[in-house]
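**Student:** Would you be able to build a 3D model of this:
(one chain, ligands or ions: 2)
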Amino acid sequence: MCISSFTCCNFANVEGNCIENCPQNSNSTEDFVCECLPGYTGGDCSEEIDECSPNPCQNNGNCTDFLNGYNCACDADYTGTNCDANIIDDCDPNPCQNGGDCVDMLSGYNCTCSGGYTGLNCSMSACSDLPCQNDGTCVQGSTGEVSCVCPGGFQGSFCEGKHFHCL
Ligand SMILES: [Ca+2]
Ligand SMILES: [Ca+2]
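**Tutor:** Ligands and ions are numbered 1, 2, ... in the order given. Prediction:
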């Protein structure tokens, strides 16, 4: 005697949106439970669920709501159901030179440089920033430290000082 389920399904604004589900030991026609078809919600299952709220698309993906589903239109560099997969590996081939580590980014990459190198692709030596004066020569050690090798008669970190010999 499932009167309540009959009532439940009569509540559905769209026919067939509701699967009847009679609670046990219930004689009250108001004490029914609607078990909605996938994609619908609400007391009478007439409300279509907005699968785009909250937005499941990551990385600025554009969400389109469907019945019992959604679609994400992804930005150029991303793919996957939720735009959570990075489609382009900007680190392949590795653009980082001189042993720099590459981190793949959205439409780009970041190089973590080592050995005293700098710049977007770790192609600049730290010597570029060391102004050796008086024809001093910048040399870079194995751990990246740089220093000026000064010509005769000059001294100082940048070969900036004249070397005087006291007699
Ligand atoms: Ca929907
Ligand atoms: Ca990328």
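**Student:** For the spatially most central residue of the chain, give me its contacts.
**Tutor:** Relative to the mean C-alpha position of the chain, the nearest C-alpha, by C-alpha atoms, centre = their mean, is the one of residue 59, at 6.5 Å. Listed by C-beta atoms under 8 Å, 6 or more residues apart in numbering, the contact partners of residue 59 are 74-75, 77-78, 83-84, 106. Heads up, the C-betas are built off the backbone N, CA and C, glycines and all.
**Student:** now it: how far from ligand 1?
**Tutor:** To ligand 1, residue 59 is 22 Å away according to C-beta to the ion, to the nearest Å.
**Student:** What of residue 148?
**Tutor:** When residue 148 is compared with ligand 1 (using C-beta to the ion), they lie 69 Å apart.
**Student:** With just CA atoms, put whichever helix or strand that residue is part of into PDB.
**Tutor:** Assigned by DSSP states H and E, residue 148 falls within strand 146-149. C-alpha atoms of strand 146-149 as PDB (Å, rounded to 0.1, in the frame of the first residue of the first chain):
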ATOM      1  CA  VAL A 146      82.600  34.600  -8.600                       C
ATOM      2  CA  SER A 147      85.700  36.700  -8.100                       C
ATOM      3  CA  CYS A 148      87.900  39.100 -10.100                       C
ATOM      4  CA  VAL A 149      91.400  38.000 -11.000                       C
END
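**Student:** What residues of that strand count as buried?
**Tutor:** By neighbour count with 16 or more other C-beta atoms under 10 Å, strand 146-149 contains the buried residues 146-148.
**Student:** Kindly reformat the residues you listed as TSV containing distance to residue 126 and pLDDT.
**Tutor:** Formatted as TSV, the buried residues of strand 146-149 follow (distance: C-beta to C-beta, whole Å; pLDDT from 0 to 100):
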residue	distance to residue 126	pLDDT
146	5	80
147	10	86
148	12	90
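**Student:** burial count for the residue lying closest to residue 52 once chain neighbours are set aside?
**Tutor:** In space, and not counting its chain neighbours, residue 52 is closest to residue 63: 3.8 Å by C-beta to C-beta, 6 or more residues apart in numbering. Using other C-beta atoms under 10 Å, residue 63 has 18 neighbouring residues.
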